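**Student:** predicted coordinates and the sequence they were generated for:
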Amino acid sequence: MSSTPKQQQIVDDNNWKSTLILPPKDERKQTEDVTATEGNEFDDLHLKRDLLRGIFEKGYVKPSPIQEKAIPIALAGKDIMARAKNGTGKTASFLIPALEKTDPTKDYIQVLILVPTRELALQTSQVCKELGKYMNVKVMATTGGTSLKDDIMRLYETVHILVATPGRVLDLAQKNVANLSNTHTIIMDEADKLLSQDFQPLIEQLINFLPPQRQILLFSATFPLTVKTFKDNYLQKAYEINLMEELTLKGVTQYYAFVDERQKIHCLNTLFSKLQINQSIIFCNSVNRVELLAKKITELGYSCFYIHAKMQQAHRNRVFHDFRNGHCRNLVSSDLFTRGIDIQDVNVVINFDFPKHSETYLHRIGRSGRFGHLGLAINLITYEDRFSLHKIEQELGTEIKPIPPVIDKSLYAV
């Protein structure tokens, strides 16, 4: 007896998951930063089938705490100010509602996502394309330092979601190339940086190009006073989400080694020989020191890339892409690379130069221990750094311990 169309529809509805092409399951241990959920499933969020397909095929299994909290509120159209730790799933918590609320049959920019750096724009647009791969949503990234002409040509075609750095999109809006008059949602990732003195005047000009009835979503790991002032001026009864009772990452073990400046290279060499590094990022406080250190590491016989803000864009893109794809084990970086960059295989961060500010420290060590996995942060501390070490411990409510003779591999190399 043949089934009716309605019965066939029920069968199709039940069987669609069997057609998914899922990535290998990640069996690594995870901390409660991402596992302490209320038990919701992505299926409970009433998302479009094609979006769910993209979510599952990206390897997402269940919503993390920030995704559980933020996605339903964003879908309800409310303004949000969300604070959650680095590496706990913030990006998907705004991309999923952005994709769900985008109508691919309309040929205008519906969502504007602002980020502070080119690397983060490329990464965010890539994740957006992967999540929305079955939805026919057109995603574009535009940043300073690239051909304006190419961006103008691309914007003559349909773009639904625009991921951008503030200066470039403001330029395009002022030239009447990027039409934001129908853009119903503006999202700011790394909002503390976007609302710093460097960017805030641009953001305020940009908002004038959007319709009066728009949704604003702010996401960050830290919210200084500038963000609160912006919220009071621009957000309508913002829903506040704070998953940051503790600031530092649960899965990242932090140590310091007390050294003279001239001992740092020798100390780094010892760490490389003793640690089980999947990939590491080594931070310096200046562009010059980045290049010098990368040269020294290469001379020691270790594979090493370097990246900083003064490099040409094309070179920076290539370094970022190749490091992300595992072509090199170690990357020496300036603070350019602390913002939101998500490379799952980084399990060790080394502060070759110790930072002066707790926010910088937090963002740096957040490059390891991504999405609740374990990581290691090692800080090379000189006599001059001792006050900064104490101040950062106090401000973050954390303890950075002296480095033991042997570091237990189960703390970071599971």
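**Tutor:** Now that the structure is in, tell me what you want to look at.

**Student:** how deep is residue 259 tucked in, by neighbour count?
**Tutor:** The number of residues packed near residue 259 is 17, by other CB atoms under 10 Å. Every residue, glycine included, has its C-beta placed from N, CA and C.

**Student:** for the one 4 residues further on, same thing?
**Tutor:** Around residue 263 there are 14 other residues, counting by other CB under 10 Å.

**Student:** cool, residue 381 as well?
**Tutor:** 19.

**Student:** report the secondary structure state of the closest residue to it other than its chain neighbours.
**Tutor:** Counting by CB to CB, 6 or more residues apart in numbering, residue 381 lies nearest to residue 256, which is 4.7 Å off, once chain neighbours are set aside. Three-state assignment for residue 256 (DSSP: H, G, I helix; E, B strand; the rest coil): strand.

**Student:** residue 122 too?
**Tutor:** Classification of residue 122 by three-state DSSP places it in helix.

**Student:** and what of residue 276?
**Tutor:** coil.

**Student:** and what of residue 268?
**Tutor:** Going by three-state DSSP: residue 268 is helix.

**Student:** and it, how far from residue 296?
**Tutor:** 8 Å (CB to CB, to the nearest Å).

**Student:** and these two? Which one has more around it.
**Tutor:** residue 268 (24 against 16).

**Student:** which ones are touching that one?
**Tutor:** Neighbouring residues of residue 268 by CB atoms under 8 Å, 6 or more residues apart in numbering: 282, 297, 350, 352, 380.

**Student:** isn't the first one up against residue 350?
**Tutor:** Yes. Counting by CB atoms under 8 Å, residue 282 touches residue 350, with 4.6 Å between them.

**Student:** what residues are up against residue 225?
**Tutor:** No contacts exist for residue 225 under CB under 8 Å, 6+ apart.

**Student:** dihedrals phi and psi, it?
**Tutor:** When quoted as degrees, to the nearest 10, the phi and psi of residue 225 stand at phi -60, psi -30.

**Student:** mind pulling the model confidence for it?
**Tutor:** Predicted confidence (pLDDT) for residue 225: 70.

**Student:** then residue 45?
**Tutor:** With respect to pLDDT, residue 45 scores 88.

**Student:** next, count neighbours for it.
**Tutor:** 19.

**Student:** do a quick rundown of the strands in the stretch 151-300 of the chain.
**Tutor:** Here the stretch 151-300 of the chain has its strands, by DSSP state E, counting those that start in this stretch, at 161-164, 185-189, 215-220, 239-242, 252-258, 279-283.

**Student:** want to throw those strands into TSV with mean neighbour count and mean pLDDT?
**Tutor:** Converted to TSV, these look like this (neighbours: other CB atoms under 10 Å; pLDDT from 0 to 100):
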stretch	mean neighbour count	mean pLDDT
strand 161-164	27	97
strand 185-189	24	95
strand 215-220	24	92
strand 239-242	15	84
strand 252-258	20	91
strand 279-283	24	92
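
**Student:** export those strands to CSV and tack on distance to residue 111?
**Tutor:** CSV is the format used below for the strands of the stretch 151-300 of the chain (distance: least, CB to CB, whole Å):
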stretch, distance to residue 111
strand 161-164, 5
strand 185-189, 5
strand 215-220, 9
strand 239-242, 18
strand 252-258, 32
strand 279-283, 30
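
**Student:** out of the ones you listed, the one nearest residue 405 is which?
**Tutor:** strand 252-258 (11.2 Å; CB to CB).

**Student:** what residues are up against residue 139?
**Tutor:** 125, 128-129, 132, 159-163 are the contacts of residue 139 under CB under 8 Å, 6+ apart.

**Student:** repeat that for 6 Å
**Tutor:** Residue 139 sits next to 125, 128-129, 161 when contact means CB atoms under 6 Å, 6 or more residues apart in numbering.

**Student:** so which of those residues wins on neighbours?
**Tutor:** Ranking the contacts of residue 139 using other CB under 10 Å puts residue 128 first, with 28 neighbours.

**Student:** so that residue makes contact with residue 95?
**Tutor:** Yes. Proximity of residue 128 to residue 95 meets the contact threshold set by CB atoms under 6 Å, at 5.1 Å.

**Student:** any weak-confidence spans in this structure?
**Tutor:** Along the chain, the model assigns pLDDT under 70 to residues 1-14, 26-38, 85-87, 243-250, 337-342, 369-373, 414.

**Student:** coming back round to it: wait, doesn't the residue nearest to residue 381 sit right on residue 399?
**Tutor:** No. With contact defined as CB under 6 Å, residue 256 does not count as touching residue 399 (10.3 Å).
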